[in-house]
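Visitor: Quick check, what structure comes out for this input:
(2 chains)
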2 protein chains.
Amino acid sequence: MHRTKVKVVEDALDANNTIATANRADFDRAGVRVVNLMSAPGAGKTTLLERLLEGGLDGVRPGVLEGDVQGSMDADRLSVYHVPVTQLNTDSGFGGECHLDANMVRSALPALPLDEIDLLIVENVGNLVCPAEFRVGEDARAMVCSVTEGEDKPLKYPLMFRTAELVVVNKIDLLPHLDFDLDRFLANLEKVNPGVPHALVSARTGEGVAAVSDWLVGAARREPAAA
Amino acid sequence: MHRTKVKVVEDALDANNTIATANRADFDRAGVRVVNLMSAPGAGKTTLLERLLEGGLDGVRPGVLEGDVQGSMDADRLSVYHVPVTQLNTDSGFGGECHLDANMVRSALPALPLDEIDLLIVENVGNLVCPAEFRVGEDARAMVCSVTEGEDKPLKYPLMFRTAELVVVNKIDLLPHLDFDLDRFLANLEKVNPGVPHALVSARTGEGVAAVSDWLVGAARREPAAA
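Guide: A predicted model of the protein is given here:
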């Protein structure tokens, strides 16, 4: 008798990973690279996207999937840049889900014009904990951390900072008005994610945004890694 | 035959509410009022607590229950003020829980010196979504929102702003350096939580902290409402 041993799924997150892998396969087939963009509420993800879309991405055609508990304010802000923006709301529950998961992104797939885009930027729900636990089918992860949040954040939310492949340090125009110690922040970041690249940015003034743009263009042109 | 009809528990949050009610009864018996203090990461909860503990609370004896994913940095910062500080970490899971729930607070009860305190301030995990969904046995809820987070936050995280009984608008010392429109923020707050009191505060300079102190003293001296 032929017997096959199936390993029992132990991880509660495995169901999410299964769907994330399916999403990733669909994105790969369509030739679309996906970046999962995460941060705390108000760190400046949307303002950064405004600057990036304004400046263009060196021929790369971007699309945005906006994750929010409620409303479409961010999608409305981005719609003026004439790129495909799709809104995903997580408030079917009582107070809403605090993160996007793979199944939510899967439900948005039919609404995404994948043939019109090269790079899908998923703007996750503002939260430094759960978004880091749920892959959605992305090729790469970037996070935004504002200098107004304090130097301790990498140590307090280690998984988020550890799984990011680019850390955008935003609102540097405010540095002269804060007690924020940038060297201490970068040392804390190095502790949880040694060697991770970072970009010093003011999405408000545009300073440093070009480096983020370059990183995204690189991510869009990279060959897909194994999911 | 005697028959009793028991209503089936429909709400997944009911288990949490049951434990929260038990916590509340224990706090009431000990004569301790409880305030659940919530905010996004880096909004300034701990700095606000430093100023409050520094200034004293008009004879009210405070204690702090510190909720963090990992580490005890905030508890360490507060320990210099010679008030009981208890650390609660939520990182038993993969990336950690993004909020405190009633059962976590219940597990901390034996460690809390309830006979030495009149007011327990629960500093929740930095997150604008899930902490609002999980009561922990508090008498009142306060939240901190930093002006660096943008005017749109009440509309984007409505449950948090709707269930707060005091909204501390923090970092007002930065207003001259931001595009933040305070009137628009307050109008958005009024939309989701009409009439809720707010305090304009700079925890950094101490401006406005006295109003928060007064509110906490009032909360500590209030007769317990029905749980």
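Visitor: How about stretch A:96-107 and chain B, any contact?
Guide: Yes: for stretch A:96-107 and chain B, the contact criterion (CB under 8 Å from any CB of the partner chain) is met by A:G96, A:E97, A:C98. Just so you know, the C-beta spots here come from the backbone N, C-alpha and C atoms, and that holds for glycine as well.
Visitor: Report the buried residues of that stretch.
Guide: Within stretch A:96-107, the residues that count as buried by 16 or more other CB atoms under 10 Å in any protein chain shown are A:G96, A:E97, A:C98, A:H99, A:L100, A:D101, A:A102, A:N103, A:M104, A:V105, A:R106.
Visitor: Kindly report the same for stretch A:198-212.
Guide: Those would be A:H198, A:A199, A:V201, A:S202, A:A203, A:R204, A:G208, A:V209, A:A211, A:V212, for stretch A:198-212 by 16+ other CB under 10 Å.
Visitor: In a markdown table: the residues you listed, plus distance to B:N36 and secondary structure.
Guide: Formatted as a markdown table, those follow (distance: CB to CB, whole Å; DSSP: H, G, I helix; E, B strand; the rest coil):
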| residue | distance to B:N36 | secondary structure |
| --- | --- | --- |
| A:H198 | 34 | strand |
| A:A199 | 36 | strand |
| A:V201 | 34 | coil |
| A:S202 | 34 | coil |
| A:A203 | 32 | coil |
| A:R204 | 33 | coil |
| A:G208 | 38 | coil |
| A:V209 | 38 | helix |
| A:A211 | 40 | helix |
| A:V212 | 37 | helix |
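Visitor: give the contact list for A:F185.
Guide: A:C145, A:V147, A:E151, A:K153, A:P154, A:V169 (CB atoms under 8 Å, 6 or more residues apart in numbering or on different chains).
Visitor: Could you name the helices and strands sitting against the helix or strand where the fifth one lies?
Guide: If I follow you right, that is A:P154. Take DSSP states H and E as the rule and A:P154 turns out to sit in helix A:153-156. In terms of contacts (3 or more CB pairs under 8 Å, 6 or more residues apart in numbering or on different chains; DSSP states H and E), helix A:153-156 is packed against helix A:182-192.
Visitor: Can you give me the separation between A:T163 and chain B?
Guide: To chain B, A:T163 is 9 Å away according to CB to the nearest CB, to the nearest Å.
Visitor: Show me what the strand or helix carrying A:D214 is in contact with.
Guide: According to DSSP H and E, A:D214 maps onto helix A:209-221. Helix A:209-221 is contacted from outside by A:33, A:35, A:48, A:51-52, A:55, A:57-58, A:60, A:62, A:118-119, A:121, A:139-140, A:142, A:166, A:168, A:197, A:199, A:201, A:203, using CB under 8 Å, 6+ apart.
Visitor: go with 6 Å
Guide: Residues outside helix A:209-221 that contact it (CB atoms under 6 Å, 6 or more residues apart in numbering or on different chains) are A:33, A:35, A:51-52, A:55, A:57-58, A:60, A:118-119, A:140, A:166, A:168, A:199, A:201.
Visitor: ditto for stretch A:71-89
Guide: A:46, A:49, A:53, A:62-68, A:104, A:108, A:111-113, A:116, B:152, B:155.
Visitor: Also stretch A:16-31?
Guide: A:34, A:101-103, A:105-106, A:114, A:134-137, A:224, A:227.
Visitor: Kindly export that stretch (C-alpha atoms) in CSV.
Guide: In CSV, the C-alpha atoms belonging to stretch A:16-31 read as follows (Å, rounded to 0.1, in the frame of the first residue of the first chain):
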residue,chain,number,x,y,z
ASN,A,16,-2.7,32.9,5.5
ASN,A,17,0.7,31.8,4.0
THR,A,18,-1.1,29.4,1.7
ILE,A,19,-3.2,32.2,0.3
ALA,A,20,-0.3,34.6,0.2
THR,A,21,1.6,32.1,-2.0
ALA,A,22,-1.4,31.8,-4.3
ASN,A,23,-1.6,35.6,-4.6
ARG,A,24,2.1,35.8,-5.3
ALA,A,25,1.8,33.2,-8.1
ASP,A,26,-1.0,35.3,-9.6
PHE,A,27,1.1,38.4,-9.4
ASP,A,28,4.1,36.6,-10.9
ARG,A,29,2.0,35.4,-13.8
ALA,A,30,0.9,38.9,-14.5
GLY,A,31,4.4,40.2,-14.2
